[in-house]
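need a 3D model of the following:
(2 chains)
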Amino acid sequence: DGGITQSPKYLFRKEGQNVTLSCEQNLNHDAMYWYRQDPGQGLRLIYYSQIVNDFQKGDIAEGYSVSREKKESFPLTVTSAQKNPTAFYLCASSIRVSAFYGYTFGSGTRLTVV
Amino acid sequence: SQQGEEDPQALSIQEGENATMNCSYKTSINNLQWYRQNSGRGLVHLILIRSNEREKHSGRLRVTLDTSKKSSSLLITASRAADTASYFCATEDNNDMRFGAGTRLTVKP
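Predicted structure coming up:
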């Protein structure tokens, strides 16, 4: 079945530690996105990528980094510079950067700072 | 930043009743989409309505769009307990997608 797989489902980070969230899709979509969701709030865009080896900052990119070395993969690293990383992180993809055909979302990773 | 704003923030109804959620936005759009999110899960695309369309149906879902008022509504008819979820509108303009904060719908059996 085609879809997006995010792992792990739950992640705990110690203060000052970098962690990487995985996002893999087998939909052959060109565009991929990372969103952050805080309780009772909408989604805020962290980074997006239109094609391999290219990515753009979203509204809240500070303290995060990404890579897009393969079409299928778009990992997100939450660095120690991100002061309030506890949140629900969602990865999405679309056929191309236009949302005309809708986004497909993964099941999310819940990150908690301990 | 968010573009769409859903109203109400929370809605509780009995099974079998209709549920109406509204979305207002501020700038011009190419299309507006509605998504559903079950607790602790990702979003699922429900329906897309283009800026030149006024109404669209999909099963028990009916979406309207009024570009003059910059608003959209999502109607779920004959609701079921399984419809309990958060519903988000998302607006797209020039490849920039913006999500609202969502309406939390609870359908009581």
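
from B:Ala90, how far out is the nearest residue to A:Ile4 once chain neighbours are set aside?
Nearest residue to A:Ile4, sequence neighbours excluded (Cβ to Cβ, 6 or more residues apart in numbering or on different chains): A:Gly106, at 3.9 Å. C-betas here are computed from N, CA, C, even on glycine. For A:Gly106, the distance to B:Ala90 (Cβ to Cβ, to the nearest Å) stands at 16 Å.

does the residue nearest to A:Ile4 touch A:Ala92 like I think?
Yes. A:Gly106 is in contact with A:Ala92 according to Cβ atoms under 8 Å; the separation is 7.1 Å.

those two: which is more packed in?
Taking neighbours as other Cβ atoms under 10 Å in any protein chain shown, A:Gly106 and A:Ala92 compare with A:Ala92 leading, 28 against 24.

which of the three states applies to that one?
strand (DSSP: H, G, I helix; E, B strand; the rest coil).

contacting residues around the residue of chain B found nearest chain A?
Per Cβ to the nearest Cβ, B:Gly42 is where chain B lies closest to chain A, at 3.5 Å. Contact analysis of B:Gly42 by Cβ atoms under 8 Å, 6 or more residues apart in numbering or on different chains lists A:Ile4, A:Gln6, A:Leu90, A:Ala92, A:Phe105, A:Gly106, A:Ser107, A:Gly108.

who's the closest spatial neighbour of it, skipping the chain neighbours?
A:Phe105 (3.5 Å).

ok, how many other residues are close to the one you found?
A:Phe105 has 23 nearby residues by other Cβ under 10 Å.

need the pLDDT of it.
A:Phe105 is assigned a predicted lDDT (pLDDT) of 96.

and the residue of chain A nearest chain B?
Taking Cβ to the nearest Cβ, chain A has A:Phe105 as its residue nearest chain B, at 3.5 Å.

phi first, then psi, for that residue.
phi -110, psi 150 (degrees, to the nearest 10).

now it: how far from A:Ile4?
For A:Phe105, the distance to A:Ile4 - Cβ to Cβ - is 7 Å.

what residues are shared contacts of the two?
Joint contacts of A:Phe105 and A:Ile4 (Cβ under 8 Å, 6+ apart) are A:Cys91, A:Ala92, B:Gly42.

closest one of those to B:Arg62?
Among those, B:Gly42 lies closest to B:Arg62 (Cβ to Cβ), at 24.0 Å.

the closest residue to A:Lys9 other than its chain neighbours pairs with what?
Leaving aside its sequence neighbours, A:Lys9 sits nearest to A:Thr109 (Cβ to Cβ, 6+ apart; 6.4 Å). Counting by DSSP bridges, A:Thr109 forms beta bridges with A:Tyr89.
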